[in-house]
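Trainee: heads up, no residue letters with this:
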Ligand code: GDP
Ligand code: ZN
């Protein structure tokens, strides 16, 4: 039967079988031989054994795979960004957006702590990222603002949460899944509780048939740890560049003549911060 891996600890995988039953499985020996590690999120073929456990026989083709945190088949990447300290920079958001697009995960940007005075125009940032093709939700784990919208956005999907420590990921997860009771607090308190020692990723049943990956110990999806796209692919990860017409078909939008992207930036049709992030990421890639 087929089933999804919810977590794997010490070589034992908790698999939710089609019947709604969870089965603890051991992987067949050949997985290690093939260098293929089963991951949370993986769809698998398992065999039920007489003793009630199972054997993991096969990993079905993946939609995508993330190395850090280790998780597969993510449909939606929820970026939780802070407008109050800890503040998330546009460059951080842009890098993760590019990675999400490259992996085929739809990005959802949560501008959290909307109940606090941001000292920065949240609406302006929301408009900037809507123009960049991102779903943007202003949320507050305190007032519950945006909770329903976030529930709708992750409905039926496997979603992973990403964001710097302290932006409110645990608080939002608790809001989405009231039974969950993840520890909330300052970084130092969390480290004190030894939260950083639990390195495994676990999928929890979320609202509307969704699955939500809690990634303890990971402050963010770390783009540097993942296969970044090559330079040629980079423009396609910035959807607002799509309609620009450049003189050269293979325009890199750096310093070519008659570049439609640069014209759009100068005309204010594309946010300068987005373009600056593009240049920075371009510089980080070496092919
Ligand atoms: P995480 O490290 O990203 O999981 O962040 P936490 O959920 O642990 O939250 C960090 C701190 O921010 C805690 O003190 C929370 O109570 C607080 N917090 C989280 N979300 C909100 C929010 O929407 N509004 C306000 N005012 N505080 C929040
Ligand atoms: Zn161009």
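Mentor: Perfect, I can see it now. Keep in mind the model is a prediction, meaning the values are calculated, not measured. Residues are numbered from 1 along each chain as shown. Ligands and ions are numbered 1, 2, ... in the order given.
Trainee: how deep is the residue nearest to residue 143 when sequence neighbours are not counted tucked in, by neighbour count?
Mentor: Spatial nearest neighbour of residue 143, excluding adjacent residues (Cβ to Cβ, 6 or more residues apart in numbering): residue 115 at 5.0 Å. Every C-beta, even on glycine, is put in place using the N, C-alpha and C of the backbone. By the measure other Cβ atoms under 10 Å, the count of residues near residue 115 is 14.
Trainee: Residue 115 contacts residue 145, correct?
Mentor: Yes. With contacts counted by Cβ atoms under 8 Å, residue 115 reaches residue 145, the gap being 7.1 Å.
Trainee: wait, isn't residue 36 in contact with residue 58?
Mentor: No. Residue 36 is beyond contact range of residue 58, at 10.0 Å (criterion: Cβ under 8 Å).
Trainee: When these two are compared, which one has more neighbours?
Mentor: residue 58 (17 against 13).
Trainee: And the pLDDT for the residue nearest to residue 143?
Mentor: On pLDDT, residue 115 comes in at 93.
Trainee: quick one: low-confidence parts of the stretch 1-150 of the chain?
Mentor: Scanning the stretch 1-150 of the chain with the threshold set as pLDDT under 70 gives 32, 119-120.
Trainee: thinking again about what came up before, measure the residue nearest to residue 143 to residue 65 for me?
Mentor: 36 Å (Cβ to Cβ, to the nearest Å).
Trainee: likewise residue 158?
Mentor: 12 Å.
Trainee: So for these two, which residue has more residues nearby?
Mentor: residue 158 (22 against 17).
Trainee: List the contacts of that one.
Mentor: The contact partners of residue 158, taken as Cβ atoms under 8 Å, 6 or more residues apart in numbering, are 41, 73-76, 203, 210-213.
Trainee: How about it: which residues does it bridge to?
Mentor: Judged by DSSP bridges, the bridge partners of residue 158 are residue 211.
Trainee: Is ligand 1 within reach of the host helix or strand of residue 149?
Mentor: Per DSSP states H and E: residue 149 is located in helix 147-154. No. Contact of helix 147-154 with ligand 1 (Cβ under 6 Å from any ligand atom) is absent, the minimum separation being 10.1 Å.
Trainee: SS state for residue 14?
Mentor: Here residue 14 is recorded as strand under DSSP: H, G, I helix; E, B strand; the rest coil.
Trainee: and the gap between it and ligand 2?
Mentor: 49 Å (Cβ to the ion, to the nearest Å).
Trainee: likewise residue 128?
Mentor: For residue 128, the distance to ligand 2 - Cβ to the ion - is 20 Å.
Trainee: go on, residue 12?
Mentor: Distance from residue 12 to ligand 2, by Cβ to the ion: 51 Å.
Trainee: Who does that residue form a beta bridge with?
Mentor: residue 9, residue 26.
Trainee: Phi and psi next, for residue 236.
Mentor: phi -70, psi -10 (degrees, to the nearest 10).
Trainee: For it, grab the count of nearby residues.
Mentor: 13.
Trainee: swap in the one 3 residues further on?
Mentor: By the criterion of other Cβ under 10 Å, residue 239 has 14 neighbours.
Trainee: Would you mind naming the helix or strand containing the closest residue to it other than its chain neighbours?
Mentor: Excluding the flanking residues, the one nearest residue 239 by Cβ to Cβ, 6+ apart is residue 133, at 4.0 Å. Counting by DSSP H and E, there is no helix or strand that carries residue 133.
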